[in-house]
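1. no FASTA, just this:
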């Protein structure tokens, strides 16, 4: 670890990330979000499963997936402590790409980049201003068991730098969750009853620490397991805890605003609505995603059902770019779509034969990606180590949705 730390300190000047004009998202005034038709089942465009079964661990499975902010690729995390980047194919790569059909047994194409961590991956996130046209911004952060936060180069699989937190006995302690702030200048990381804030431009062991438990015993106890920022740059962030609570803080000084109670399990995912007025929370072994109005935060606005009562799996959900619908997976292998204005179920489709633990909408195209899989336990008497998994188990898929063309013409 000593040599690694010295090497990281020497690389510190190269770890600076500056958002550029080209790395910003498309101008929302000029670009109109596609009106996705959820009444029409999506088409599975690309499919991947064999690449996740070549590891020495035959019980490997995916744990999550996230699109990059510029929509050029998506990042997967799996049980073999590996992260893989799959780029969205272009016309020039058509020779290496196999379109998905029900008879296809091979993966659509190979991962462009494979990053191996030393231990189990707790959480990962993209730099918010990542753009493939600016290699300096092509980075993502990961946190793993017994390791510091790593900032990886998404173009060369090299470790840019690390952000290290130490406990009371001066030993490295791992973060359980992490997120960049909307400006992309700081990394907020969740620990046991505390949040540590790192300056992106200052790798190493410099950080600000904030306790989530106030002196009067108000606040959050337990491990901070999820972090999300308000997308409207209002200066608020939400943190979820395994103590079944969600709290709202001010970003600048981590002042506690209020605490939300109501989930039946430890919080595993929090996400703001696109307008920043509502917060959606999901918990382990809790079949409901709860919607909170953060302007009142008195009671739950409505609940969205998903099949997750009997699995310890962390199941993520996502909101489409237009902000109208939410999609969530479940242990039944289905993806369910809900209308966020009414809280009513709109549609659903079969995405896998096992637990769909990750679902992520493309930032501006009518596409999405899903990840599936769960831990399987073999019978001790069975000498056959082959789990005989099907192609729609422990897999990742890219989905293409139909669009309402008339809606764009009328507007």
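-> Received the coordinates, thanks. None of these values were measured; they are calculated from a predicted model.
2. For residue 159, give the beta-bridge partners.
-> For residue 159, the beta-bridge partners are residue 152 (DSSP bridges).
3. tell me the pLDDT at it?
-> As predicted, residue 159 sits at a pLDDT of 96.
4. Touching, it and residue 149? I think so.
-> No - applying C-beta atoms under 8 Å, one finds residue 159 not in contact with residue 149, separated by 11.0 Å. Bear in mind the C-beta positions are built from the backbone N, C-alpha and C, glycine included.
5. Look at those two and report which has more neighbours.
-> residue 149 (24 against 16; other C-beta atoms under 10 Å).
6. now the strands: where do they sit in the stretch 51-200 of the chain?
-> Using DSSP state E, counting those that start in this stretch, the strands assigned to the stretch 51-200 of the chain run over residues 62-67, 73-78, 82-87, 113-116, 121-126, 139-144, 149-153, 159-163, 177-180, 186-191, 194-199.
7. buried residues in the third one?
-> Along strand 82-87, these residues count as buried under the neighbour rule (16 or more other C-beta atoms under 10 Å): 82-87.
8. Kindly reformat those residues as TSV containing distance to residue 174 and pLDDT.
-> Converted to TSV, those look like this (distance: C-beta to C-beta, whole Å; pLDDT from 0 to 100):
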residue	distance to residue 174	pLDDT
82	17	94
83	16	96
84	21	96
85	23	97
86	26	97
87	29	95
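9. For the stretch 201-350 of the chain, which segments count as strands?
-> Under DSSP E, counting those that start in this stretch, the stretch 201-350 of the chain gives strands at 208-211, 224-229, 236-241, 245-250, 256-261, 267-272, 278-283, 288-293, 300-305, 317-319, 325-328, 334-339, 344-350.
10. Show me what the shortest one is packed up against.
-> Using 3 or more C-beta pairs under 8 Å, 6 or more residues apart in numbering; DSSP states H and E, the elements in contact with strand 317-319 are strand 267-272, strand 278-283, strand 325-328, strand 356-361.
11. Looking at the buried residues of strand 82-87, which is nearest residue 207?
-> Distance to residue 207 across these (C-beta to C-beta) is lowest for residue 83, with 23.4 Å.
12. how far away is that closest one from residue 393?
-> According to C-beta to C-beta, to the nearest Å, residue 83 stands 20 Å off from residue 393.
13. can you tell which of the helices and strands packed on strand 317-319 is closest to residue 291?
-> Ranking the helices and strands packed on strand 317-319 by proximity to residue 291 (C-beta to C-beta) places strand 278-283 first, at 5.6 Å.
14. So what are the sheet partners of the closest one and their directions?
-> Using DSSP bridges, the strands paired with strand 278-283 in its sheet are strand 267-272 (antiparallel), strand 288-293 (antiparallel).
15. looking at the strands of the stretch 51-200 of the chain, which is closest to residue 308?
-> Closest to residue 308 of the strands of the stretch 51-200 of the chain is strand 62-67 (C-beta to C-beta; 14.4 Å).
16. now the closest one against strand 267-272, angle please.
-> Angle of strand 62-67 versus strand 267-272, following axes from the mean of the first three to the mean of the last three C-alpha atoms, to 10 degrees, is 10 degrees.
17. Now do stretch 333-349: everything it contacts.
-> Under the contact criterion C-beta atoms under 8 Å, 6 or more residues apart in numbering, stretch 333-349 has outside partners 38-39, 41-42, 273, 278, 291, 301-307, 319, 323-330, 350-356, 359, 370, 372.
18. Can you select the buried ones from the residues you listed in ChimeraX?
-> The ChimeraX command for the buried members of the contacts of stretch 333-349 (criterion: 16+ other C-beta under 10 Å) is given here:
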select :38,42,273,278,291,304,306,307,319,323,324,325,326,327,328,329,330,351,352,353,354,355,356,359,370,372
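19. So what's the residue count around the residue lying closest to residue 192 once chain neighbours are set aside?
-> Of all residues not flanking residue 192 in the chain, residue 223 sits nearest, at 5.2 Å (C-beta to C-beta, 6 or more residues apart in numbering). As a burial measure, residue 223 scores 22 neighbours (other C-beta under 10 Å).
20. now the one 5 residues further on
-> Each residue near residue 228 was counted by other C-beta under 10 Å, and the total is 21.
21. can you check the one 3 residues further on too?
-> Other residues within reach of residue 231 by the criterion other C-beta under 10 Å amount to 16.
22. how far away is it from residue 371?
-> Taking C-beta to C-beta, one finds residue 231 at 23 Å from residue 371.
23. Closest to the centroid, which residue in the protein?
-> residue 66 (4.9 Å; C-alpha atoms, centre = their mean).
24. Might you report the residue contacts of it?
-> Taking C-beta under 8 Å, 6+ apart, we find residue 66 in contact with 74-75, 124-126, 358, 360.
25. so which of these comes closest to residue 194?
-> For these, with residue 194 as the reference and C-beta to C-beta as the criterion, the closest is residue 125, at 18.9 Å.
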